[in-house]
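K.L.:
next one to model:
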Amino acid sequence: MRNYCLRIILCVISVASFVGCTNNGDRQGRADTLYTAEAAMEVFDQDPERALVIIDSGVAVGNIEDELSIWFKAKLFSQSNKEQNLDTARQMLEELMESNWAKEANNREMVLDLLVSTTRLQDDYEQCMRWATEKADFCRQQGNETEALRTEAEIGVILVELGEVEDGIAKLNSVIASLDGRRNADDLDACVIALRRKISVMKKLGREGEIIPLAQHLIEILDNYREHYTEYADNSYRMSTDKEEVAGYCDYYTAQAYGNLAHAYASLNKTKQARHYLDLYEKSDYGHTLFGRQAITPTWCLLGDYGKMLATYDEVTAQMGDDTINLDYAKILRGRAIAAKAKGNNVAAIDYWQRYSDLKDTLNHQLLEGKAHEYAARYQLQEERLNTEREEAAKKRMGIIATLLGIMLIAAAIFVNFLKMQLRSIREKNAVLTKEITDKIKNEEDYLASIKEQADRQSKATTATDPSTLSDSELFEQLRRIIVEEELYLDPQFGRQQLMDRLHLSKESIGAAFSKGSQYASLASFVNEMRLIRGAKLLVEHPEKSISDVATASGFASNITFSHNFKERYALTPTEFRTRKL
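P.N.:
Model (predicted):
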């Protein structure tokens, strides 16, 4: 619903921009300067919605032809991390492939190149292989052997992703052998890309030792280019006559090679060599950037430089804001778990691992929703088409704006009503959950009272009995009586060892008493249940206590663990439960 409203707003802004830009010659001239594809690409990273408006306005004033505007929009969408935007870009490009515009050689190569990168970002390697193969064949038909080889390096990576590892590596080796030693800028750039592709494959396969010669060879190629760049002159746009630009190109890829060498040596436990290349990497311009520091965090983790790693994670997380449902944040959680474990903070480590696991499950679930995204992309594409339609007659423009404003009001009313329905549904659901929890706690209180009463009657007989002679169920009853009567579960450190020491039992006996002699899977699950019951009662009976205080008083080591277990058990957070009860 929000995307639908947003598209309508963009339509209004685009038409309004068009009307404003055609009022007089001076303003028309200014629009010709402002509303261009280049201007849209410049602002996309900071304001993607503004970039789309610029593209629409560029079409309206005649700066951008319709088909090219679709390609630019697809390029903008393909730079987004959102799956639905990638689906939209892909749908646009696939339809462009059927147009007369894409039959022109340059245009077709542009569309194919963007289709390859978009399907790769979606991890749709079958379709990525299809478009990459078509692009390589097309480039050869056009006599562009270098671009065909550059694309075949991509195909090598795709083959590995599809499980055809040896064929993929063979393809990469063939491309590198064909390009290695050629002394022109376009071929050198293609060779650099092919080497980097193979390094990424070796890293994914865990073959760190094979990365070292590849990265060293890459550095040698770049050093030679930096020193003799005038000898690499060709007619491609990749050739620069500016020494500083060449140095910047070489420094960028050399720094990445240093990073790959540092990580490879660290993985092989060759700390001295790893530190050498890490030092070179950190001194490079690329190594000083946030993106560069984020890229080297796995190496810092391997070498135990957790301070640098965590400081970089803090910066990246601050930039993400609320947008943390992504693979980068999953990697951050994993790194924090490793660092916490290394520092002996096991509670934090367990929490980070749990959050990492939950986020990975969420991301995997999102991948399964691809078909739904595809349908959404088709719908969004229709909305984008509407944005490109402009009436020629000035007398109809105000009518179009009025119509769109009316649609916006209707859509807003529908959206508000939808939100009200959702909130009402949530309130009703929470009320049901709260009653269920209250009933569970009451039943469990009665159950515990019966346990104590039974324990009082049998205490002498049970005490006199050797625990080692009891059946699993009888031993469970004795252990339960001790734990409940003495409230041992309120000690965060309480565990199996205390029972073993006190009753001289083996860990197997205690484990069997709970797993076979009771409804609980283990001692830990029983203790967790007792703590949750205590926590739920305290939430209601002591509203002045904070969640942290309730967690501590219930035997939990932290309020994070308490909140997580409470939500998992009762489907409400402690705060939500307390609010509903009070």
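K.L.:
low pLDDT regions in the stretch 301-450 of the chain?
P.N.:
365-395, 423, 425-433, 436, 440-441, 443-445, 447-448 (pLDDT under 70).
K.L.:
now do the helices in it.
P.N.:
Under the criterion DSSP state H, counting those that start in this stretch, the stretch 301-450 of the chain contains helices at 306-320, 327-342, 346-367, 370-388, 397-464.
K.L.:
and the next element down the chain from the longest one?
P.N.:
Going back to what we said before, that points to helix 397-464. helix 472-485 (DSSP states H and E).
K.L.:
got the CA coordinates for whichever helix or strand comes after that following helix in CSV?
P.N.:
Using DSSP H and E, the helix or strand that follows helix 472-485 towards the C-terminus is helix 496-503. Included here for helix 496-503 are C-alpha records, laid out as CSV according to Å, rounded to 0.1, in the frame of the first residue of the first chain:
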residue,chain,number,x,y,z
ARG,A,496,23.2,-30.1,36.8
GLN,A,497,26.5,-30.0,38.6
GLN,A,498,24.9,-28.8,41.8
LEU,A,499,22.5,-31.7,41.8
MET,A,500,25.3,-34.1,41.0
ASP,A,501,27.5,-32.9,43.9
ARG,A,502,24.6,-32.8,46.4
LEU,A,503,23.0,-36.2,45.6
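K.L.:
how about helix 496-503: buried residues?
P.N.:
496, 499, 503 (16 or more other Cβ atoms under 10 Å). In short, each C-beta sits where N, CA and C put it, glycine included.
K.L.:
what's the separation between the last one and residue 496?
P.N.:
Going from residue 503 to residue 496 by Cβ to Cβ, to the nearest Å gives 11 Å.
K.L.:
any chance of a markdown table for the buried residues of helix 496-503, columns distance to residue 50 and pLDDT?
P.N.:
Below are the buried residues of helix 496-503 laid out as a markdown table (distance: Cβ to Cβ, whole Å; pLDDT from 0 to 100):
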| residue | distance to residue 50 | pLDDT |
| --- | --- | --- |
| 496 | 61 | 91 |
| 499 | 65 | 90 |
| 503 | 71 | 89 |
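K.L.:
my guess is residue 317 meets residue 329, correct?
P.N.:
Yes. The criterion here is Cβ atoms under 8 Å, and residue 317 meets it with residue 329 at 7.3 Å.
K.L.:
more neighbours, those two?
P.N.:
Using other Cβ atoms under 10 Å, the more surrounded residue of residue 317 and residue 329 is residue 329, with 19 against 15.
K.L.:
contacts only, for the more buried one.
P.N.:
Residue 329 sits next to 317, 320, 359 when contact means Cβ atoms under 8 Å, 6 or more residues apart in numbering.
K.L.:
ok, so what distance separates the first one from residue 333?
P.N.:
Which is residue 317. For residue 317, the distance to residue 333 equals 10 Å [Cβ to Cβ].
K.L.:
residue 422: how many residues sit nearby?
P.N.:
10.
K.L.:
name the nearest residue to residue 343, sequence neighbours excluded.
P.N.:
Counting by Cβ to Cβ, 6 or more residues apart in numbering, residue 343 lies nearest to residue 306, which is 7.2 Å off, once chain neighbours are set aside.
K.L.:
that neighbour: neighbour count?
P.N.:
19.
K.L.:
contacts only, for it.
P.N.:
300, 339, 342-343.
K.L.:
among those residues, name the buried ones.
P.N.:
Here, 16+ other Cβ under 10 Å leaves 300, 339 buried among these.
K.L.:
biggest separation within the contacts of residue 306, which pair?
P.N.:
300 and 343 (14.3 Å; Cβ to Cβ).
K.L.:
in the stretch 1-150 of the chain, which segments are predicted with low confidence?
P.N.:
By pLDDT under 70, the weakly predicted segments of the stretch 1-150 of the chain are 1-34, 44-46, 80-82.
K.L.:
then the stretch 151-300 of the chain?
P.N.:
Residue ranges of the stretch 151-300 of the chain with pLDDT under 70: 235-241.
K.L.:
please enumerate the helices of it.
P.N.:
Secondary structure of the stretch 151-300 of the chain, counting by DSSP H, counting those that start in this stretch: helices at 165-179, 185-205, 211-227, 243-267, 271-283, 285-288, 290-295, 297-303.
K.L.:
name the helices or strands packed onto the shortest one?
P.N.:
Just to be clear, that refers to helix 285-288. helix 243-267 (3 or more Cβ pairs under 8 Å, 6 or more residues apart in numbering; DSSP states H and E).
K.L.:
just give me how far the helix it packs on sits from the chain centre.
P.N.:
26 Å (Cα atoms, centre = their mean, to the nearest Å).
K.L.:
repeat for stretch 343-359
P.N.:
Remark: stretch 343-359 is offset 18 Å from the chain centroid, using Cα atoms, centre = their mean.
K.L.:
please identify the buried residues of it?
P.N.:
By neighbour count on 16+ other Cβ under 10 Å, the buried set for stretch 343-359 is 348-353, 355-356, 359.
K.L.:
which residues of the stretch 451-582 of the chain score low on pLDDT?
P.N.:
Applying pLDDT under 70 to the stretch 451-582 of the chain flags the ranges 451-465, 582.
K.L.:
at 80 what do you get?
P.N.:
The stretch 451-582 of the chain contains residues with pLDDT under 80 at 451-468, 581-582.
K.L.:
for stretch 193-213, which positions count as buried?
P.N.:
193-199, 201-203, 208, 211-212.
K.L.:
then stretch 408-415?
P.N.:
Using 16+ other Cβ under 10 Å as the test for burial, stretch 408-415 gives residue 411.
K.L.:
cool, stretch 472-486 as well?
P.N.:
472, 474-484.
K.L.:
how far does it sit from the chain's center?
P.N.:
Put simply, stretch 472-486 sits 46 Å off its chain's centre (Cα atoms, centre = their mean).
K.L.:
now swap in stretch 163-181 and tell me
P.N.:
30 Å.
K.L.:
same check, this time on stretch 68-87
P.N.:
Relative to the chain's own centre, stretch 68-87 is displaced by 18 Å; criterion: Cα atoms, centre = their mean.
K.L.:
excluding its backbone neighbours, what's nearest residue 438?
P.N.:
Residue 438 sits nearest to residue 581 (Cβ to Cβ, 6+ apart), 7.2 Å away.
K.L.:
tell me the contacts of that neighbour?
P.N.:
Counting by Cβ under 8 Å, 6+ apart, residue 581 makes contact with 434, 438, 539-540.
K.L.:
repeat for residue 530
P.N.:
So residue 530 contacts 483-484, 489, 555 (Cβ under 8 Å, 6+ apart).
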